[in-house]
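Visitor: dropping a prediction and its sequence here:
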Amino acid sequence: VIDEFLRLGGCVRNSAQRIYGFYRRANNQTENIAFLKREYEADSVGIIINDRKYAVKWDSDGVLISTGDRVSDISSTLLSWEVIDKRIRELLEAGQYLPQSEAEKAADVWEP
């Protein structure tokens, strides 16, 4: 669920490619997290994976994930931006963040 959410990118057009391009530069965790907070802004989304509904909400504090139609403070999992940064780097290193065809477009989308 976390990986599928991360592959969606943030609130900006072509966000997944922008994130890919940004992470392909040498950045430290502080720079990455500041970038992610700007890229994702504050929002929420519902996603369906294997016929199960999940609600995801994020802001400057991190990302909340719940099963079902809405985020619940009782049953949500909170992921810090540090955890999100680490997982994006892991997906990139494993070649699993974007399909190759999308990764090739990242150079055209990312604007330093």
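Guide: Arrived safely, thanks for sending.
Visitor: strands of the chain, start to end?
Guide: 43-49, 52-59, 62-67, 77-79 (DSSP state E).
Visitor: can you lay out the ones you listed as a markdown table showing mean pLDDT?
Guide: Listed next are the strands of the chain as a markdown table, based on pLDDT from 0 to 100:
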| stretch | mean pLDDT |
| --- | --- |
| strand 43-49 | 93 |
| strand 52-59 | 93 |
| strand 62-67 | 93 |
| strand 77-79 | 92 |
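Visitor: including distance to K105 and mean neighbour count, could those strands go into CSV?
Guide: Just so you know, the C-beta spots here come from the backbone N, C-alpha and C atoms, and that holds for glycine as well. Below are the strands of the chain laid out as CSV (distance: least, CB to CB, whole Å; neighbours: other CB atoms under 10 Å):
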stretch, distance to K105, mean neighbour count
strand 43-49, 22, 12
strand 52-59, 24, 17
strand 62-67, 25, 18
strand 77-79, 27, 14
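Visitor: dump those strands into CSV; add distance to I33 as well.
Guide: Listed next are the strands of the chain as CSV, based on distance: least, CB to CB, whole Å:
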stretch, distance to I33
strand 43-49, 17
strand 52-59, 13
strand 62-67, 10
strand 77-79, 12
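Visitor: in this protein, what spans have low per-residue confidence?
Guide: Counting by pLDDT under 70, the chain contains low-confidence ranges at 107-112.
Visitor: how close does the residue lying farthest from the centre of the chain get to I47?
Guide: Largest separation from the mean C-alpha position in the chain: I74, at 22.7 Å (CA atoms, centre = their mean). Distance, I74 to I47, by CB to CB, to the nearest Å: 20 Å.
Visitor: swap in V63?
Guide: 12 Å.
Visitor: who touches both of these two?
Guide: Among the neighbours of V63, those also in contact with I47 (CB atoms under 8 Å, 6 or more residues apart in numbering) are 5, 56.
Visitor: show me where the chain has helices.
Guide: With DSSP state H applied, the chain shows helices at 2-8, 15-23, 29-40, 81-93, 100-109, listed in chain order.
Visitor: buried stuff in the first one?
Guide: Okay, so that is helix 2-8. Across helix 2-8, burial judged by 16 or more other CB atoms under 10 Å covers 2, 5-7.
Visitor: tell me the bridge partners for G62.
Guide: D59 (DSSP bridges).
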